[in-house]
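*Asks:* got a predicted model here, sequence first, then my questions.
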Amino acid sequence: MESKAITKIGVLTSGGDAPGMNAAIRAVVRCAFYYNLEVYGIYRGYEGMIQNDIRQLNSSDIAYVLERGGTFLKSARSAEFRTPEGRKKAYENLQQHGINGLVVIGGDGSLTGAHLFYKEFGIPAIGLPGTIDNDLSGTDNTIGFDTACNTAIEAIDKIRDTATSHDRLFFVEVMGRDSGFIAINAGIGSAAAATLIPEKKMPVEALIDRLNTRAKAKKQANVVIVAEGGKSGGALEISKKVKKYLPNYDIKVTILGHLQRGGSPTSYDRVLASKLGVSAVEGLMQGKCDVMAGVINNKVVYTPIKRAIVDDKEVDEEDFRVAKILST
Ligand SMILES: Nc1ncnc2c1ncn2[C@@H]1O[C@H](COP(=O)(O)OP(=O)(O)O)[C@@H](O)[C@H]1O
Ligand SMILES: O=P(O)(O)OC[C@H]1O[C@](O)(COP(=O)(O)O)[C@@H](O)[C@@H]1O
Ligand SMILES: [Mg+2]
């Protein structure tokens, strides 16, 4: 491949950390070295870009990181980067280091920032979808989503043991800011009694009907998965509403929270992150910019960031249908 003008790549992770971010950084660095490019680690996302927390990376920085959760570059949510003044400071720091290509690994917010920054200052940037939420278009799965689903399912399996042993009804809240991808996968994968996601409203009466039907069918375990951010409220609110209808049920609530974000990435996330890290560097070398690299039907695809961040990726109707069939 013929090298274009890119000589120094800056890489950062931003927003919520996701398992596989380290694998993606490693792939960016490895691939850049393969093509004799320099790589600069920008620490703490856009916050580090503004504060000039930028250091050149070498091979030892990426030893034994592939298998680790979190991000060794650290992550942050930066309010200052949302301001034109903050972004100008960030640009000046990149200029000082001679960085002429950027790889931004993060979720919808981070990629929105990357798009804006490219529009304002013209430094070629490629985004990689790094978030457990899976709420980006232009890729079947985001980096970290598979691991988060596995973690949630493992936790729900354990809760199910207690639900069955004590004939209890559990409401388990999973993450996914305004998106039900983790919930629907965890629901199907853990034989949930019902799955409540922000994209599809389920009236409490319908949930009660479902639970009554299951009681008649002598279903043993009752675990209801609730995605955070749903219009009907979180697991706690919903459990209170249900208690009014079913006062004799022994109801418990578990909020899985941040344990879903950590941990060693699954093989799926390691491979996805590795492929995308290489695609980011090669994409920059080919002159691509303001795009997100993703994998659709097992093929790497570059989607304009503006398109990838549009809030239109929804839980597959078919998944929802399957979840419903299997829970009744
Ligand atoms: N509209 C925006 N303009 C500029 N920067 C943004 C914008 N939206 C998000 N960002 C930057 O990206 C960071 C991460 O976004 P956030 O939504 O918190 O996480 P994620 O990228 O995981 O979705 C924000 O803290 C901010 O610095
Ligand atoms: O760790 P924080 O800042 O409380 O954020 C929690 C949010 O981050 C996530 O874990 C990941 O979302 P982002 O990738 O958009 O940051 C969401 O599921 C959750 O709503
Ligand atoms: Mg997000």
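*Replies:* Arrived safely, thanks for sending. Numbering: from 1, shown residues only. Ligands and ions are numbered 1, 2, ... in the order given.
*Asks:* got the residues of the stretch 51-200 of the chain near ligand 2?
*Replies:* Selection of the stretch 51-200 of the chain residues close to ligand 2 by Cβ under 6 Å from any ligand atom yields 107, 109, 131, 132, 133, 175, 176, 177. Where C-beta positions appear, they are placed from N, C-alpha and C, glycine not excepted.
*Asks:* can you tell me which of the residues you listed are in helices?
*Replies:* In helices, defined here by DSSP state H, the members of those are residue 109.
*Asks:* show me which of the residues of the stretch 51-200 of the chain next to ligand 2 neighbour ligand 1.
*Replies:* 107, 109, 131.
*Asks:* want to throw the residues of the stretch 51-200 of the chain next to ligand 2 into CSV with pLDDT, neighbour count and distance to ligand 3?
*Replies:* Formatted as CSV, these follow (pLDDT from 0 to 100; neighbours: other Cβ atoms under 10 Å; distance: Cβ to the ion, whole Å):
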residue, pLDDT, neighbour count, distance to ligand 3
107, 97, 25, 3
109, 96, 19, 5
131, 98, 29, 5
132, 98, 31, 9
133, 96, 25, 6
175, 97, 24, 11
176, 92, 29, 10
177, 86, 16, 6
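*Asks:* out of the residues of the stretch 51-200 of the chain next to ligand 2, which is nearest to residue 123?
*Replies:* residue 109 (18.8 Å; Cβ to Cβ).
*Asks:* quick one: secondary structure of the residue lying closest to the closest one once chain neighbours are set aside?
*Replies:* Distances taken as Cβ to Cβ, 6 or more residues apart in numbering put residue 15 closest to residue 109, at 5.4 Å, once the chain neighbours are dropped. When classified by DSSP: H, G, I helix; E, B strand; the rest coil, residue 15 comes out as coil.
*Asks:* residues near residue 15, how many?
*Replies:* Using other Cβ atoms under 10 Å, residue 15 has 24 neighbouring residues.
*Asks:* residue 223 touches residue 156, doesn't it?
*Replies:* Yes - using Cβ atoms under 8 Å, residue 223 is in contact with residue 156, at 6.1 Å.
*Asks:* now do the shared contacts for those two.
*Replies:* 172, 190, 192 (Cβ atoms under 8 Å, 6 or more residues apart in numbering).
*Asks:* switch those residues over to CSV; also include pLDDT and secondary structure.
*Replies:* Below are these laid out as CSV (pLDDT from 0 to 100; DSSP: H, G, I helix; E, B strand; the rest coil):
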residue, pLDDT, secondary structure
172, 98, strand
190, 97, coil
192, 97, coil
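*Asks:* and which of these is nearest to ligand 1?
*Replies:* Taking Cβ to the nearest ligand atom as the measure, ligand 1 lies nearest residue 172 of those, at 22.7 Å.
*Asks:* bridging residues for that closest one?
*Replies:* Here residue 172 sits in beta bridges with residue 225, residue 254, going by DSSP bridges.
*Asks:* quick one, what contacts it?
*Replies:* Applying Cβ under 8 Å, 6+ apart, one finds that residue 172 lies in contact with 155-156, 159, 186, 223-226, 235, 253-256.
*Asks:* near residue 72, how many other residues are there?
*Replies:* 17.
*Asks:* revised request: answer the last question for residue 210.
*Replies:* Other residues close to residue 210 by other Cβ under 10 Å number 18.
*Asks:* per-residue confidence averaged over the helix or strand containing it?
*Replies:* Using DSSP states H and E, residue 210 sits in helix 204-216. Here helix 204-216 scores 94 as its mean pLDDT.
*Asks:* buried residues of it, list them for me.
*Replies:* 207, 210, 211, 214 (16 or more other Cβ atoms under 10 Å).
*Asks:* hmm, the second one is touching residue 326, no?
*Replies:* No - assessed by Cβ under 8 Å, residue 210 is found out of contact with residue 326, at 11.9 Å.
*Asks:* pLDDT score assigned to residue 199?
*Replies:* 87.
*Asks:* could you measure from it over to residue 16?
*Replies:* 20 Å (Cβ to Cβ, to the nearest Å).
*Asks:* also residue 298?
*Replies:* 26 Å.
*Asks:* what of residue 280?
*Replies:* Distance, residue 280 to residue 16, using Cβ to Cβ: 19 Å.
*Asks:* and those two? which has more neighbours close in?
*Replies:* residue 280 (32 against 21).
*Asks:* next to ligand 1, which bits of the chain? Give me the list.
*Replies:* For the chain, the contact set with ligand 1 under Cβ under 6 Å from any ligand atom comprises 14-16, 46, 77-78, 81-82, 106-110, 112-113, 116, 131.
*Asks:* could you tell me which of the residues you listed count as buried?
*Replies:* The neighbour-count test (16+ other Cβ under 10 Å) applied to those identifies 14-16, 46, 77-78, 81, 106-110, 112-113, 131 as buried.
*Asks:* can you give me the helices in the protein?
*Replies:* For the chain, the helices defined by DSSP H occupy 21-34, 45-50, 84-97, 108-121, 145-166, 181-189, 204-216, 235-245, 267-285, 305-308, 317-327.
*Asks:* so how far is the fifth one from its chain's centroid?
*Replies:* If you compare the mean C-alpha spot of helix 145-166 with that of the full chain, they lie 19 Å apart, counting by Cα atoms, centre = their mean, to the nearest Å.
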